[in-house]
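Visitor: Provide a 3D model corresponding to the input given below.
(chains A, B, C, D and E)
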Amino acid sequence: MQIAKVRGNVVSTQKEPSLRGAKLLLLQLVDEEGNPLPKYEVAADNVGAGVDEWVLVSCGSAARIVQGNEQRPLDAVVVAIIDSVRLEDRLIYSKKDQYR
Amino acid sequence: MQIAKVRGNVVSTQKEPSLRGAKLLLLQLVDEEGNPLPKYEVAADNVGAGVDEWVLVSCGSAARIVQGNEQRPLDAVVVAIIDSVRLEDRLIYSKKDQYR
Amino acid sequence: MQIAKVRGNVVSTQKEPSLRGAKLLLLQLVDEEGNPLPKYEVAADNVGAGVDEWVLVSCGSAARIVQGNEQRPLDAVVVAIIDSVRLEDRLIYSKKDQYR
Amino acid sequence: MQIAKVRGNVVSTQKEPSLRGAKLLLLQLVDEEGNPLPKYEVAADNVGAGVDEWVLVSCGSAARIVQGNEQRPLDAVVVAIIDSVRLEDRLIYSKKDQYR
Amino acid sequence: MQIAKVRGNVVSTQKEPSLRGAKLLLLQLVDEEGNPLPKYEVAADNVGAGVDEWVLVSCGSAARIVQGNEQRPLDAVVVAIIDSVRLEDRLIYSKKDQYR
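Guide: Got it, this is the predicted structure:
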């Protein structure tokens, strides 16, 4: 999985019927220090992530191993809202501090 | 999924028999600000996208989770025509404005 | 799928038994303007492509959604010989012109 | 598979229910000489790897071919703790020497 | 598939139980001219490849379409030892010449 920051969303009316009701977030991928990478993913979100939160995104067929997504043509899904990222003895990110 | 702009198409007569009837679009991938990336995909289209429209492309086995594509050797499919892309408080793309 | 030009082939005697009879082409990937990219694929060919022809290559599990390849450990397959590639109002490639 | 060094972990409370109990490590990928690459993976760990150990990470649907992960939306998993990496006649890494 | 040169191996004791008995080779990927690329794969080998031999490596779920690997969390496998690579009218590699 990659670490990403929720930055926005994508809206579509004319789409695969199976995607009705899917919430599609625009995620900016970040490196292991939290710096933005020149990469993004549009991913389905079932965990209720909001703008500025850090999340884990899972790509490929994993996107369909989520209840309700089994028959959706998705290749990326938010699987977790991150509480903290620890790199050796440093706390790179803490959701608590972020919102303090 | 990645955001892409429809730029053209690919036509083939001699192909896997299962691909008969598949419409193959040439998509230019764009970054999250809408700038063109040096990447493209040739993707099957079942949603009726046209040149200059922005779409979402799903890659890998997702391409076969679309009615009619189950037995086609596809690795990319257009899953949605985009109405709008929002990045924080900015509207990066709006189909309505595009065609106004 | 990616657009590629057939440039050669790969021959192997000592291989997975299931690959017996598979024709393996060396493909040079090209960009959407037809310029060579520093990327290649060795792909199975069931459509009868020859050197210098432009083809569509499908990667990943798609390679096994082709009759006869279901039980072969392939991750790339030629799915079509390209007749033409159109980019907006320009004809980037036409097989007919190529061989005229 | 890629060679990676365990550098930390990621903690999440609000996540896909199926991920409960999964231990998520932050891995820094290294090249074949052991130099750090600007790439990381957050991977599930079932083999008990600890910080500074070198591991093998398997990506894609392989992540779900591990007991207990079958129904988890994972795209990366630690499959082995490395004892040694040999590159021609040189021993690039030896766990024994590392911890001596 | 990609062309690679066998350069070494990886040994592990503490691993997914299903990987017992799997031989893991360290492969250096090469370009279509045979020049080394800054990429490697650790791949399972069932065809008996040795150091310095050129092989074809198949990635992703293909790694599990090999007898004995069906239930192993692998994402790369050696599928063939290469006899020759031909690029247009040039013989880029010939195993016979290599070992003459």
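
Visitor: Near the closest residue to chain E within chain A, how many other residues are there?
Guide: Nearest residue of chain A to chain E: residue A:61, at 8.2 Å (CB to the nearest CB). Every residue, glycine included, has its C-beta placed from N, CA and C. Residues lying near residue A:61 (other CB atoms under 10 Å in any protein chain shown) number 23.

Visitor: who's in contact with residue A:25?
Guide: By CB atoms under 8 Å, 6 or more residues apart in numbering or on different chains, residue A:25 lies in contact with A:6, A:8-10, A:42-45, A:49, A:78.

Visitor: Make sure it is indeed in a strand.
Guide: Yes - the assignment for residue A:25 is a strand, going by DSSP: H, G, I helix; E, B strand; the rest coil.

Visitor: By neighbour count, which of the contacts of residue A:25 wins?
Guide: Neighbour counts for the contacts of residue A:25 peak at residue A:78, which has 29 neighbours (criterion: other CB under 10 Å).

Visitor: Check the secondary structure at that residue for me.
Guide: strand.

Visitor: Skipping its backbone neighbours, what lies nearest it in space?
Guide: Of all residues not flanking residue A:78 in the chain, residue A:45 sits nearest, at 4.3 Å (CB to CB, 6 or more residues apart in numbering or on different chains).

Visitor: Leaving out the residues flanking it, which one is nearest to residue A:46?
Guide: The nearest residue in space to residue A:46 (CB to CB, 6+ apart) is residue A:66, at 5.7 Å.

Visitor: sorry, that was for residue A:10
Guide: Using CB to CB, 6+ apart, the nearest residue to residue A:10 is residue A:24, at 4.6 Å.

Visitor: next one: residue A:27
Guide: Nearest non-adjacent residue to residue A:27 (CB to CB, 6+ apart): residue A:4, at 3.8 Å.

Visitor: That neighbour touches residue A:26, doesn't it?
Guide: No - assessed by CB atoms under 8 Å, residue A:4 is found out of contact with residue A:26, at 9.5 Å.

Visitor: Show me which of those two is the more surrounded one.
Guide: For residue A:4 versus residue A:26, the count of surrounding residues by other CB under 10 Å is larger for residue A:4: 27 against 23.

Visitor: show me what contacts residue A:84?
Guide: Residue A:84 neighbours (CB under 8 Å, 6+ apart): A:91, A:93-96, D:10-11.

Visitor: in chain A, which spans are strands?
Guide: Using DSSP state E, the strands found in chain A span residues A:2-11, A:24-30, A:36-45, A:54-59, A:76-81, A:84-87, A:90-94.

Visitor: before we move on, the earlier item: would you agree the residue nearest to residue A:78 is in contact with residue A:23?
Guide: Yes - between residue A:45 and residue A:23 there is a contact under CB under 8 Å: 4.9 Å.

Visitor: Could you report the neighbour count for the closest residue to chain D within chain A?
Guide: Minimum separation of chain A from chain D (CB to the nearest CB) falls at residue A:80, amounting to 3.5 Å. For residue A:80, the number of neighbouring residues by other CB under 10 Å comes to 25.

Visitor: Spit out the contact partners of it.
Guide: Contacts of residue A:80 by CB under 8 Å, 6+ apart are A:47, A:55-56, D:10, D:12, D:14-16, D:19.

Visitor: of these, buried ones?
Guide: A:47, A:55-56, D:10, D:12, D:15-16, D:19 (16 or more other CB atoms under 10 Å in any protein chain shown).

Visitor: Distance-wise, check whichever residue of chain A sits closest to chain C relative to residue B:64.
Guide: Chain A approaches chain C most closely through residue A:61 (8.2 Å), counting by CB to the nearest CB. With the distance defined as CB to CB, to the nearest Å, residue A:61 ends up 10 Å from residue B:64.

Visitor: Report pLDDT for the residue nearest the centre of chain A.
Guide: Taking CA atoms, centre = their mean, the centroid of chain A lies closest to residue A:78, which sits 3.7 Å from it. Per-residue pLDDT puts residue A:78 at 98.

Visitor: Pull the residues that contact the lowest-mean-pLDDT helix or strand in chain A.
Guide: Counting by mean pLDDT, DSSP states H and E, chain A has its least confident helix or strand at helix A:95-98, which shows a mean of 82. Outside helix A:95-98, the residues within contact range by CB under 8 Å, 6+ apart are A:52-54, A:81-84, A:91.

Visitor: do that again at 6 Å, thanks
Guide: Helix A:95-98 is contacted by residues residue A:83 when judged by CB atoms under 6 Å, 6 or more residues apart in numbering or on different chains.

Visitor: Ok, stretch A:27-43 next?
Guide: Here stretch A:27-43 makes contact (CB under 6 Å, 6+ apart) with A:2-7, A:10, A:24-26, A:57, A:76-78, A:92-93, B:1, B:32, B:56, D:40.

Visitor: Compare the contacts of residue A:84 and tell me which has the most neighbours.
Guide: residue D:10 (24 neighbours).

Visitor: got the contact list for that one?
Guide: Neighbouring residues of residue D:10 by CB under 6 Å, 6+ apart: A:82, A:85, D:24, D:26, D:42.

Visitor: which one of those residues sits closest to residue D:72?
Guide: Lowest distance from residue D:72 to these (CB to CB) belongs to residue D:24, with 10.8 Å.

Visitor: Tell me, how many residues neighbour that closest one?
Guide: When neighbours are counted by other CB under 10 Å, residue D:24 comes out with 24.

Visitor: Give me the below-cutoff pLDDT ranges for chain A.
Guide: For chain A, applying pLDDT under 70 flags the ranges A:99-100.

Visitor: switch to 50 and redo it
Guide: Applying pLDDT under 50 to chain A flags residues A:100.

Visitor: Let me know how buried residue A:23 is, in neighbour terms.
Guide: Neighbourhood size, residue A:23 [other CB under 10 Å]: 14.

Visitor: Isn't it up against residue A:46?
Guide: No - Residue A:23 is beyond contact range of residue A:46, at 7.8 Å (criterion: CB atoms under 6 Å).

Visitor: For the residue lying closest to residue A:18 once chain neighbours are set aside, give its distance to residue C:1.
Guide: Excluding the flanking residues, the one nearest residue A:18 by CB to CB, 6+ apart is residue A:72, at 4.8 Å. Separation of residue A:72 from residue C:1 (CB to CB) stands at 21 Å.

Visitor: So which of these two has more stuff around it?
Guide: The neighbour comparison of residue A:72 against residue C:1 (other CB under 10 Å) goes to residue C:1, with 27 against 23.

Visitor: Report the contact partners of residue A:65.
Guide: Shown in contact with residue A:65 (CB under 6 Å, 6+ apart): residue D:73.

Visitor: residues touching the residue of chain A closest to chain E, list them.
Guide: By CB under 6 Å, 6+ apart, residue A:61 lies in contact with B:61, D:61.

Visitor: swap the cut-off to 10 Å and go again
Guide: A:74-75, B:60-62, B:65, C:60-61, D:60-61, D:63-64, D:73, D:75, E:60-61 (CB atoms under 10 Å, 6 or more residues apart in numbering or on different chains).

Visitor: returning to that earlier point: what's the farthest-apart pair in the contacts of residue A:84?
Guide: Between any two of the contacts of residue A:84 (CB to CB), the greatest distance is 14.7 Å, for A:96 and D:10.

Visitor: ok, now which residue in chain A is the farthest from the centroid?
Guide: residue A:89 (25.4 Å).

Visitor: Next, that residue: phi, psi?
Guide: The phi/psi pair for residue A:89 (degrees, to the nearest 10) reads phi -100, psi 10.
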